[in-house]
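**Student:** whatever this is, show me its structure:
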Amino acid sequence: MEQQSKKTYYIAVGSGEISQVKSGSSWEYKIEATDEEIHQLRKLFDSNYANEVEGFLRAHVPFVEYHNDSSNDKYDSNMLQVFQMIYRLGDQEAKDFIQSQGILDVLGNID
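**Tutor:** Modelled structure (predicted):
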């Protein structure tokens with residue numbers, strides 16, 4: 001099986017943006033990833049967009065509490081997967097920042 005080459009990408013987690021252009025927009029993390037890895041990351045961001053819409057709709061139904069809402073659970077799970085991917089694929093600065101935020105405490109040891 002042929003190994004895919006990795007390319008440099010710049011990630012903005014809040015907006016779900018993935019770019020190969022460093023100066024194209026603001027970004028938080030620099031990663032090296034294959035096309036397949038970027039496809040996986042894009043699917044997580046797209047899924048979170050759908051979960052945000054569900055959460056927005058749920059917010060207008062006052063008797064459904066946040067902690068009893070499956071769309072919020074999916075969003076949180078996706079975000080953990082996003083940060084796990086960024087940690088695994090990111091440069092040292094990305095790894096250091098994620099470690100400093102304690103996100104790895106939730107994920108467990110992913111080295």
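
**Student:** wait, doesn't I103 sit right on Q81?
**Tutor:** No: when contacts are counted by CB atoms under 8 Å, I103 is not listed as touching Q81 (11.2 Å). To be clear about C-beta, it is placed using only N, CA and C from the backbone, and glycine gets the same treatment.

**Student:** what is in contact with those two at once?
**Tutor:** Common neighbours of I103 and Q81, using CB atoms under 8 Å, 6 or more residues apart in numbering, do not exist here.

**Student:** so for the protein, the centremost residue is which one?
**Tutor:** Computing the C-alpha centroid of the chain and ranking residues by CA atoms, centre = their mean puts V82 first, at 2.7 Å.

**Student:** measure how buried I11 is and give me the count.
**Tutor:** The number of residues packed around I11, counting by other CB atoms under 10 Å, is 24.

**Student:** now swap in Q101 and tell me
**Tutor:** A count of nearby residues for Q101, using other CB under 10 Å, gives 11.
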